[in-house]
Structure formats: C-alpha cells, structure tokens
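Engineer: just coords:
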Ligand SMILES: [Zn+2]
C-alpha cells in the first residue's frame with residue numbers, strides 16, 4: 001500500500017486516548033439512488049459506518065461483493081472521472097463523494113454500490129454533504145453498528161457489524177501531513193503545484209474559450225463548513241462541443257442537464273449557482289482526488305495546492321510525484 005501509514009500513540013491511558021481521538025464514522029447507514037454519469041446505470045449507494053480505518057467501496061452487485069480501497073494505488077483511470085479498481089471491483093466517478101467524506105472528517109466508511117459508478121446526483125457534492133449532515137457522525141465505536149442496532153448490510157460481514165473494533169483507530173488522532181518541499185508536475189498545459197502551508201488551501205485557475213467561461217479562478221482555505229457552503233454545490237460541466245465525442249467513446253450515457261451544466265454559445269443550460277462555478281467545481285475535483293492519498297489512514301493535509309487547467313490525470317500525476325519524492329511529512333510529531 002502506498003501512502004501515509006498509521007499513527008499509534010500506544011503509551012497513553014486508554015480512556016484519555018478515546019477522548020482525544022478525532023476519527024469519525026457515520027452514526028448510521030444512509031443511502032441514495034441515482035444515475036451513473038458515464039455508465040447511465042441507475043445505482044444505489046449506501047454509506048455505512050465502519051470499524052476499520054479507511055474508505056472502502058464494495059461492489060455488492062458482483063459475486064463475493066469485492067472491495068476496492070479508495071487509495072491512489074487503486075486508480076486505474078482518469079479520463080473524465082477518476083476510476084478505482086482492485087481485482088474484479090471497479091468503480092468510477094469517485095471524486096465528488098470522496099471530497100465530501102474527506103472534508104467532513106469521515107475516516108471510517110464503507111460505500112456499497114450495486115453498479116460500476118458513484119451516482120452523479122446533480123453533478124455536485126451538495127447531496128452527499130446533505131446525506132452526511134442528516135445522518136451525523138460519531139466516533140467509530142459509537143456508531144449503530146456497535147450499539148447492537150440491526151445491521152442491514154448485504155455485505156458478508158467484512159466490516160460493518162464485525163465484532164472486533166480496530167483498536168488502533170480508537171487510540172490515534174488523525175495524522176496531519178504536510179509537504180517537506182514544493183512539489184509540482186506539468187502535463188500538457190495543465191500544472192499542479194503543492195507548497196508547504198499551515199492550512200489546507202486550494203487555488204484553481206481554468207481557461208476556456210471566452211464564449212464559454214473564459215478565465216476563472218478560485219482560492220480558498222478549506223474547512224468543512226466552507227466546503228459545504230461554497231464548493232460542494234458547484235456542478236460538473238461540459239462543453240456542448242464535447243458531447244458527441246464523449247458519447248462516441250461510450251461516456252456520459254447518463255448525462256443530462258439535470259446533472260451537468262452544458263456550456264454552449266448561448267450560455268449555460270441552467271443558471272449558474274456561482275459566478276465562478278466552473279473554478280469551484282475544479283476545486284471540488286482537486287479535493288476529491290487528493291483525498292485518495294489520505295483515505296487509508298484518515299489523514300489531514302496542510303499544504304497549498306495550486307492547479308491550473310488541471311484535471312484528474314494531472315491530480316494523479318501530482319500525487320504520484322509526492323510519493324516518488326517522499327515529500328509528505330508528518331507535522332504532528
Ligand atoms: Zn467533478
């Protein structure tokens with residue numbers, strides 16, 4: 001497994017340790033249904049509390065309900081969406097849900113899907129945030145799974161409802177990772193730079209033809225509240241001229257003006273939610289991809305990420321460069 005390892009503070013008294021743990025899971029299972037943007041399939045997504053640390057996706061529609069961990073090492077595709085695969089378990093368009101989970105501080109979660117893609121919903125992360133707010137979060141040992149509540153999981157007992165708590169997850173606090181040095185990559189005209197910084201800050205710049213959106217930029221320090229209010233509602237978008245080539249590739253079979261803003265010469269297919277919605281959505285995508293570096297250990301990141309004209313492929317290259325240079329350092333030691 002690539003990426004940061006776990007934190008263990010085994011010398012602290014147990015009760016004190018449990019009080020200081022800031023790992024979180026869902027208070028109870030929650031679910032929604034929606035179309036997959038690229039597959040066009042109607043897919044049910046269930047988010048479940050999990051005893052073990054990390055974010056795992058389970059394909060409950062496949063024999064044996066195989067899992068794929070939401071980690072960089074499982075990324076197999078970045079064309080128009082991020083795709084994860086491990087063995088038979090393949091899942092696409094993970095970025096909006098992972099952004100919501102990471103910025104919400106959820107470190108223990110199982111995502112059950114009965115199809116190959118995370119539902120696109122309205123093209124933003126707003127509904128994921130609403131679901132998480134509605135169900136609430138708690139320490140991993142306090143979820144309904146561990147309170148004797150009925151476990152509705154169709155998964156065969158690998159995580160929700162498992163007897164043994166992950167003791168490490170109760171002992172530890174979330175690791176705070178930083179960069180020991182600037183890390184940057186270029187891919188065509190895309191550029192991603194990470195700088196040491198005392199908070200998580202993301203700056204994004206995009207440039208499309210002036211008839212569409214021209215230049216937009218967005219810059220923010222990321223907190224849960226800020227993400228929910230200012231970034232999560234920003235929808236995915238496409239240019240009218242991209243539609244036919246995408247369809248020809250078998251993509252966007254579930255695409256419609258209900259789950260994406262289509263930009264044509266006459267303007268957007270629905271009113272903008274923000275004047276800079278395109279740049280805000282790119283910020284959402286950055287967060288949802290970078291989360292792959294930290295979902296295995298529940299870590300936070302304190303760094304300034306600057307992404308210009310970047311997409312999922314550039315985000316992946318940047319993460320790989322971080323690991324190649326061994327640039328991630330723990331800031332909490
Ligand atoms: Zn997106």
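Structural biologist: Perfect, thanks for sending it. Only a predicted model underlies this, so the values are computations on that prediction, with no experimental measurement involved.
Engineer: And the strands in the stretch 151-300 of the chain?
Structural biologist: Residue ranges of the strands in the stretch 151-300 of the chain, as given by DSSP state E, counting those that start in this stretch, are 176-179, 183-187, 190-196, 200-207, 215-221, 237-239, 261-264, 267-268, 300-308.
Engineer: TSV please, covering those strands and showing mean neighbour count.
Structural biologist: C-beta here means a position set from N, CA and C on the backbone, and glycine is covered the same way. Formatted as TSV, those follow (neighbours: other Cβ atoms under 10 Å):
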stretch	mean neighbour count
strand 176-179	20
strand 183-187	17
strand 190-196	19
strand 200-207	20
strand 215-221	15
strand 237-239	19
strand 261-264	19
strand 267-268	15
strand 300-308	21
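Engineer: and of those strands, who's closest to the ion?
Structural biologist: Closest approach to the ion among the strands of the stretch 151-300 of the chain (Cβ to the ion): strand 237-239, 8.5 Å.
Engineer: will you turn the strands of the stretch 151-300 of the chain into TSV that also has distance to residue 90?
Structural biologist: Output for the strands of the stretch 151-300 of the chain, formatted as TSV (distance: least, Cβ to Cβ, whole Å):
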stretch	distance to residue 90
strand 176-179	28
strand 183-187	24
strand 190-196	25
strand 200-207	28
strand 215-221	31
strand 237-239	23
strand 261-264	27
strand 267-268	32
strand 300-308	26
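Engineer: Mean pLDDT and distance to the ion added to those, as JSON lines?
Structural biologist: JSON lines is the format used below for these (pLDDT from 0 to 100; distance: least, Cβ to the ion, whole Å):
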{"stretch": "strand 176-179", "mean pLDDT": "97", "distance to the ion": "23"}
{"stretch": "strand 183-187", "mean pLDDT": "98", "distance to the ion": "17"}
{"stretch": "strand 190-196", "mean pLDDT": "98", "distance to the ion": "15"}
{"stretch": "strand 200-207", "mean pLDDT": "97", "distance to the ion": "12"}
{"stretch": "strand 215-221", "mean pLDDT": "98", "distance to the ion": "14"}
{"stretch": "strand 237-239", "mean pLDDT": "89", "distance to the ion": "9"}
{"stretch": "strand 261-264", "mean pLDDT": "90", "distance to the ion": "11"}
{"stretch": "strand 267-268", "mean pLDDT": "89", "distance to the ion": "16"}
{"stretch": "strand 300-308", "mean pLDDT": "98", "distance to the ion": "13"}
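Engineer: Can you tell me the SS state at the residue nearest the centre of the chain?
Structural biologist: Centroid-nearest residue in the chain: residue 98, 1.7 Å away (criterion: Cα atoms, centre = their mean). Secondary structure for residue 98, judged by DSSP: H, G, I helix; E, B strand; the rest coil, is helix.
Engineer: ok, it to the ion distance?
Structural biologist: According to Cβ to the ion, to the nearest Å, residue 98 and the ion sit 11 Å apart.
Engineer: Hmm, residue 54 and that residue touching each other?
Structural biologist: No. Shown here, residue 98 and residue 54 do not form a contact pair, counting by Cβ atoms under 8 Å, at 11.8 Å.
Engineer: what touches both of these two?
Structural biologist: Counting by Cβ atoms under 8 Å, 6 or more residues apart in numbering, the residues touching both residue 98 and residue 54 are 70, 295.
Engineer: of all the residues in this structure, which ones are close to the ion?
Structural biologist: 236, 285 (Cβ under 5 Å from the ion).
Engineer: and if we set it to 6 Å?
Structural biologist: The chain comes close to the ion at residues 95, 96, 236, 281, 284, 285, as judged by Cβ under 6 Å from the ion.
Engineer: Give me the neighbour count for the third one.
Structural biologist: By that I understand residue 236. 25 (other Cβ atoms under 10 Å).
Engineer: ok, now the one 5 residues further on?
Structural biologist: By other Cβ under 10 Å, 12 other residues sit near residue 241.
Engineer: What of the one 3 residues further on?
Structural biologist: Taking other Cβ under 10 Å as the neighbour definition, residue 244 ends up with a count of 9.
Engineer: coming back round to it: can you say which of the residues of the chain next to the ion are buried?
Structural biologist: Taking 16 or more other Cβ atoms under 10 Å as the criterion, what is buried in these is 95, 96, 236, 281, 284, 285.
Engineer: In CSV, list the residues you listed along with pLDDT.
Structural biologist: Shown next, in CSV, are those (pLDDT from 0 to 100):
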residue, pLDDT
95, 97
96, 98
236, 94
281, 98
284, 98
285, 98
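Engineer: sorry, back to before: which ones are touching the residue nearest to the centre of the chain?
Structural biologist: Counted by Cβ under 8 Å, 6+ apart, residue 98 has contacts 55, 70, 288, 289, 291, 292, 295.
Engineer: Whichever of those residues end up buried, select them in ChimeraX.
Structural biologist: Selection of the buried residues among these in ChimeraX, burial being defined by 16+ other Cβ under 10 Å:
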select :55,70,288,289,291,292,295
